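In: return atomic coordinates for the entry below.
(one chain, ligands or ions: 2)
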Amino acid sequence: MHLITAKAQLSPNVTRLDVEAPRIAKIRQPGQFVIVRKAEGCERIPLTIADADPEKGTITLVIQAVGKSTRELVALETGDTIRDISGPLGHPTEMISSGRAVCVGGGVGTAVVHPMAQGLFRNGAEVISVIGGRSKEWVIFEDELSRLGKVVVCTDDGSYGRKGFVTDATKEILDAGGVDIVYAVGPVPMMRAVANLTRPYGIKTIVSLNPVMVDGTGMCGGCRVDVGGSTLFACVDGPEFDGHLVDFDLLADRLGTYRDFEEKANQCCSDGECRIGRG
Ligand code: NAD
Ligand code: FES
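Out: Ligands and ions are numbered 1, 2, ... in the order given. The predicted structure is shown next:
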């Protein structure tokens, strides 16, 4: 059992939970994730470790409430417990220790960019973060990233920071020169757009992929992705890959596979009638 020690609402559908997991807090590295199961019989949800406090023995999970299981998770309060947290899983982020890194975060993906930026900062690299949200209330982790370097905030509607997508601001930074590496995490169209943007500049671009995961051990094949023509598993080979080699069309297609099922599960939640055969 893992005690929830703090809870905060970061944006209209994004919640932060600080959860006791002392061993994971001590050994986790940027880029790694955990698989969380709220209670016996519940769905297993992969979540990036957005931050950790080894002294307190807690890790920070950032959850976007999009389906039945994530909504159940964010309904938990401080003092409640989570049944299982497995991890840390996945390979740590490939870091540079000098030079300039641009970390691009779209929406809830900004929480995934945060530990990458922390690691780069600790390593001695210069960090520029470009973060975006639909409007002001959707921008997250601005204060935390500001402690690590310059932050450029973008909103789609111009209600805060610059008006436009994160790719617009990133292009200006690339044009100014001196960028050694780019990290991008967010919706698939955003990561694809960043990878397409950096390709002509020849700048290495790392993306963190979020396919459907089940076991997190490379056994079930649920998180299959195509990278450079090879079939890889995001849980054990990733979750971070060279963005210039990722087949984003396949990723988007596979992410849509369970949309019908998820919609039915959502309806079950609202009217109590089971449509997914779980009774
Ligand atoms: P969103 O749709 O609100 O977009 C956030 C920002 O991304 C926008 O403000 C914009 O700056 C940028 N963006 C979006 N589309 C773009 C495009 N076509 N070109 C350039 N920039 C673009 O994001 P959200 O609702 O917070 O994110 C939800 C999505 O993120 C879900 O699909 C979820 O699966 C995915 N996600 C990915 C990861 C990961 O590890 N890659 C982690 C969590 C969530
Ligand atoms: Fe099963 Fe990756 S989650 S193979």
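In: enumerate the residues of the protein near ligand 1.
Out: Contact residues (CB under 6 Å from any ligand atom) of the chain with ligand 1: 64, 106-109, 112, 132-134, 138, 154, 156, 165-167, 185-187, 189-190, 193, 208-210. Glycine gets a C-beta too; all of them are placed from N, C-alpha and C.
In: so for Lys68, what's the pLDDT?
Out: For Lys68, the model assigns a pLDDT of 86.
In: if you could redo that for Thr257, that was the one I meant.
Out: Thr257 is given a pLDDT of 68.
In: and the residues of the chain next to ligand 1, which are buried?
Out: 64, 106-109, 112, 132-133, 138, 154, 165-167, 185-186, 190, 193, 208-210 (16 or more other CB atoms under 10 Å).
In: the residues you listed in helices, which ones?
Out: 112, 166-167, 190, 193 (DSSP state H).
In: Ser86: which of the residues you listed is nearest?
Out: Using CB to CB, Val112 comes nearest to Ser86 of those, at 18.1 Å.
In: Ser11 - nearest residue in space that isn't next to it in sequence?
Out: Of all residues not flanking Ser11 in the chain, Trp138 sits nearest, at 4.7 Å (CB to CB, 6 or more residues apart in numbering).
In: and that neighbour, what does it touch?
Out: 11-12, 14, 107, 155 (CB atoms under 8 Å, 6 or more residues apart in numbering).
In: same check on Glu94?
Out: Glu94 touches 206, 240, counting by CB under 8 Å, 6+ apart.
In: how far away is it from Leu251?
Out: To Leu251, Glu94 is 20 Å away according to CB to CB, to the nearest Å.
In: what do you get for Ala234?
Out: For Ala234, the distance to Leu251 - CB to CB - is 9 Å.
In: quick one, which of those two is more surrounded?
Out: A direct count of neighbours by other CB atoms under 10 Å for Ala234 and Leu251 places Ala234 higher, at 26 against 22.
In: I'd guessed that one sits against Gly221; true?
Out: No - applying CB atoms under 8 Å as the test, Ala234 and Gly221 come out as separate, 10.9 Å apart.
In: show me where the protein has its helices.
Out: Secondary structure of the chain (DSSP H): helices at 22-27, 68-74, 110-123, 142-146, 166-176, 188-198, 234-237, 248-255, 259-271.
In: most tightly surrounded among these?
Out: Most buried of the helices of the chain, by mean neighbour count (mean count of other CB atoms under 10 Å): helix 110-123, with a mean of 24.
In: where does this protein get nearest to ligand 1, residue-wise?
Out: Gly107 (1.9 Å; CB to the nearest ligand atom).
In: what is the burial count for Gly228?
Out: Residues near Gly228, counting by other CB under 10 Å: 11.
In: please list all residues in contact with the residue nearest to Gly79 when sequence neighbours are not counted.
Out: Spatially, and ignoring its direct neighbours in sequence, Gly79 is nearest to Ile4 (6.7 Å; CB to CB, 6+ apart). By CB under 8 Å, 6+ apart, Ile4 lies in contact with 17-20, 76-82.
In: okay, how far is it across stretch 77-89, tip to tip?
Out: 25 Å (CA to CA, to the nearest Å).
In: taking the mean pLDDT, what do you get for it?
Out: On average, stretch 77-89 scores 96.
In: how about that stretch and ligand 2, any contact?
Out: No - for stretch 77-89, no contact with ligand 2 is found by CB under 6 Å from any ligand atom; the gap never falls below 9.2 Å.
In: and that stretch, which residues are buried?
Out: In stretch 77-89, counting by 16+ other CB under 10 Å, buried: 82, 85-89.
In: now, among the residues you listed, which is nearest to Gly31?
Out: Of the buried residues of stretch 77-89, the one sitting nearest to Gly31 (CB to CB) turns out to be Pro88, at 9.3 Å.
In: wait, isn't that closest one in contact with Ile49?
Out: Yes - using CB under 8 Å, Pro88 is in contact with Ile49, at 6.4 Å.
In: find residues that contact each of the two.
Out: Counting by CB under 8 Å, 6+ apart, the residues touching both Pro88 and Ile49 are 24, 28, 32-34.
In: restrict the residues you listed to those near ligand 2?
Out: Within the shared contacts of Pro88 and Ile49, nothing lies near ligand 2 by CB under 6 Å from any ligand atom.
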